[in-house]
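> how would this look folded up:
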Amino acid sequence: MVTWIMMVAIGCGGIGQTAPQPSEVNNEPASASPKTLRDLVMNPDALARAGRVVPQRNADGDVVGFRIGGLRRSVLGEQLDLVNGDVIHSVNGHALTSPKEALTAYQSIKDAEKLVLTLTREGTPRTISVDLSTPVSTDD
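Numbers count the residues shown, from 1 in each chain. The predicted structure is shown next:
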């Protein structure tokens, strides 16, 4: 999610600002072999391979979330029940409307028991909640 959060920060108007280094966000090394959904979500390489996000703006030009695109078939996409075109509006209650909120959202995952995403899919609001201790298969 570091990679996604960095893209979120740029998309929210963070261009020209220094992007946070992964060590500023998560001081623990990414696990080479994730065992839980938390390990997978906190692994920047897995997130970078999963897909991309672009800012979703309202009629006034304000960022209201991030649209998922190019989502590859992966454990991450399947575990989180995400599909191309989903617009994620918040992570664990933190709105994805600014670089600061995006980083706060990412940091909230580290110690959380659940990952709660609020999103819009094909115009319909949805909430996805997953237990971050869920075991994952690394076969992909």
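
> quick one: low-confidence parts of this structure?
Applying pLDDT under 70 to the chain flags residues 1-34, 75-76, 137-140.

> and G123, how many neighbours does it have?
Residue neighbour count, defined by other CB atoms under 10 Å, stands at 6 for G123. All C-beta spots, glycine's among them, are computed from the backbone N, C-alpha and C.

> For it, give me its contacts.
Listed by CB atoms under 8 Å, 6 or more residues apart in numbering, the contact set of G123 is empty.

> and it, backbone torsions?
phi 80, psi 0 (degrees, to the nearest 10).

> For V54, what is the enclosing helix or strand?
Assigned by DSSP states H and E, V54 belongs to strand 52-57.

> counting contacts, what elements does that strand pack onto?
helix 2-9, strand 63-69 (3 or more CB pairs under 8 Å, 6 or more residues apart in numbering; DSSP states H and E).

> Now do the last one: which elements does it pack against?
Looking back up the chat, that one is strand 63-69. Applying 3+ CB pairs under 8 Å, 6+ apart, one finds that strand 63-69 contacts helix 2-9, strand 52-57, strand 87-91.

> Let me know the angle separating the lengthiest helix in the chain from strand 52-57.
Counting residues, the longest helix found in the chain (DSSP state H) is helix 99-111. Helix 99-111 and strand 52-57 are oriented at 130 degrees to each other (axes from the mean of the first three to the mean of the last three CA atoms, to 10 degrees).
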